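[1] Okay, predicted coordinates and the sequence, questions at the end:
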Amino acid sequence: MKRQLKYVCILCYFIFFTKPTVAQSIEKNEITFIKTGKLFDSENGKILTNYVIKIENNKITEVGKNSSIPENVKVIDLTEYTVLPGLIDGHTHLMSLDDFKDKHPMAEKVLFEGDALRVLRGANRAKTWLEAGFTTVRDLGDSGPFLDVALKKAINEGTTIGPRMFVSGPIIISEGGQVPGLLKSQRHVIEDEYTIVKNVDDAINAVRIHVNYGADIIKICANNSPNNTSLTMDEMKAIVKMAHRYNKKVTAHATTDLAVWEAVTAGVDGIEHGYQISDTTLTLMAKKGVALVPTDLTKPLLKKVLDIMDYKEDTDIATKGYKDRYQDRLQRAIKAGVTILTGSDNYIDLKMPQGEAAKNVLIAYEEEGMQPLDILRSSTYLSAKFMGKEDELGSIKEGAFADIIAVKGDIVYDFSSTMFNVVFVMKNGEIYIEKE
């Protein structure tokens, strides 16, 4: 009885003494106009010129060419720049930062870092993504016991600064997780880091648990490399069926052709990594509408990772080998008609802000022959569409959230330099970066 009264009191407090964030935003009734020089039409992959964007509170309410602007309103002049929808990183791990020199990075996170410190560090990293122009991320595990949900809530309520988050909670995986050499007696160490399933019933209930605790998307491991076990086809099919029942998409870590083929056959919506994929499997992906998120590195970052790992062979030869395989896979996927989404998978300590390191994935795609406007479309409209949010995110159009960035330079002919020259970042109608 006392517990029931406690909950009633808490409920009354929230009803009578707190104001919803939306109501506070509406009361402001702020109107802002943005004048653009070049504007990226992400839905159609085109550059438009001399458009005006009208923003009311946190939403875009009008986009027009040479539209008139009334007097005595706030005007942001971005005519010297290229204006884009906020970027979307489709594969992040905000609660993780591994040093490849450490032989046991998981132990550092799970045993010694602790949940509170881990979320605080994650919040600091999240800010670097926003500063780099990523206004939205999909955070896909390596985040402890739903710490990603906690960080998402903190960002949404304004407690901390960061991009919009769509989160998976712990990765649903087979025995052992992705931690090699774990003794059976120490299995409990990773039980909060992963949701380990043993059978179909476990798999079904895992989805229920994730939905209940606030997951936006379900992440599974079709193969849990570097360990050599995997979920069964029946387990994956059960996960997909239950997730789709709750209107949640399923994306799968899959690095080998067999893992990709099994995940796609089981009905997943997305494949993460896909380092080895045959043409037959790519054709199946295209037929079933399964998206690919290539988590590739640029040549300089590949060399840096090899140096961190104290690679003993010729790093130039190794880098070329990796890049050749990345490029071959990406070009074959594009030719097959597979939807490409952008995702950095940046969890390595590269001695730079993680958001800055993450943006290098866009440059990696350019190195591999993908065209700049196609890369930008993948990192905006197509990524939003994958999440079923194309009317709200990833586009600058009426009704969408005011997630807008601007870059200085020519995105077609000088893509790399331009994308790292962010001069303006707005998320949800609020300005976070505004440079002269």
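    Happy to help now that I have it.
[2] what is the rounded mean pLDDT of stretch 275-291?
    Averaging pLDDT along stretch 275-291 yields 98.
[3] Please point out which parts of it sit buried.
    Under the neighbour-count criterion of 16 or more other Cβ atoms under 10 Å, stretch 275-291 has Tyr275, Ile277, Thr281, Leu282, Leu284, Met285, Ala286, Val290, Ala291 buried. All C-beta atoms are positioned from the backbone trio N, CA, C, and that covers glycine.
[4] Repeat that for stretch 414-421.
    Here stretch 414-421 shows Phe415, Ser416, Thr418, Met419, Phe420 as buried, counting by 16+ other Cβ under 10 Å.
[5] and Arg187, which of the three is it?
    helix (DSSP: H, G, I helix; E, B strand; the rest coil).
[6] Report the residue ranges of every domain in this protein.
    18-85+396-434, 87-386 (automatic domain parsing).
[7] all strands of the stretch 101-250 of the chain, in order?
    Applying DSSP state E, counting those that start in this stretch to the stretch 101-250 of the chain gives strands spanning 134-139, 164-167, 171-173, 194-196, 218-221, 250-254.
[8] which secondary structure elements does the fifth one contact?
    In this structure, strand 218-221 packs against strand 171-173, helix 233-245, strand 250-254, with contacts taken as 3 or more Cβ pairs under 8 Å, 6 or more residues apart in numbering; DSSP states H and E.
[9] of all the ones you listed, which lies closest to Leu87?
    Proximity to Leu87 (Cβ to Cβ) singles out strand 250-254 among these, at 18.6 Å.
[10] what about Arg245, neighbour count?
    For Arg245, the tally of surrounding residues (other Cβ atoms under 10 Å) stands at 12.
[11] Return the distance of it relative to Thr251.
    Counting by Cβ to Cβ, to the nearest Å, the gap between Arg245 and Thr251 amounts to 17 Å.
[12] sorry, back to before: Serialize the buried residues of stretch 414-421 to JSON lines and add fields for secondary structure, distance to Lys54 and pLDDT.
    As requested, the buried residues of stretch 414-421 are exported to JSON lines (DSSP: H, G, I helix; E, B strand; the rest coil; distance: Cβ to Cβ, whole Å; pLDDT from 0 to 100):
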{"residue": "Phe415", "secondary structure": "helix", "distance to Lys54": "29", "pLDDT": "97"}
{"residue": "Ser416", "secondary structure": "helix", "distance to Lys54": "32", "pLDDT": "96"}
{"residue": "Thr418", "secondary structure": "helix", "distance to Lys54": "26", "pLDDT": "98"}
{"residue": "Met419", "secondary structure": "helix", "distance to Lys54": "26", "pLDDT": "97"}
{"residue": "Phe420", "secondary structure": "coil", "distance to Lys54": "29", "pLDDT": "97"}
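[13] check contacts around Arg138.
    Going by Cβ atoms under 8 Å, 6 or more residues apart in numbering, Arg138 touches 88-92, 165-168, 217, 343, 383, 387.
[14] Swap in 10 Å and give it another go.
    88-92, 164-168, 216-217, 219, 249, 251, 270, 272, 293, 341, 343, 383, 386-387 (Cβ atoms under 10 Å, 6 or more residues apart in numbering).
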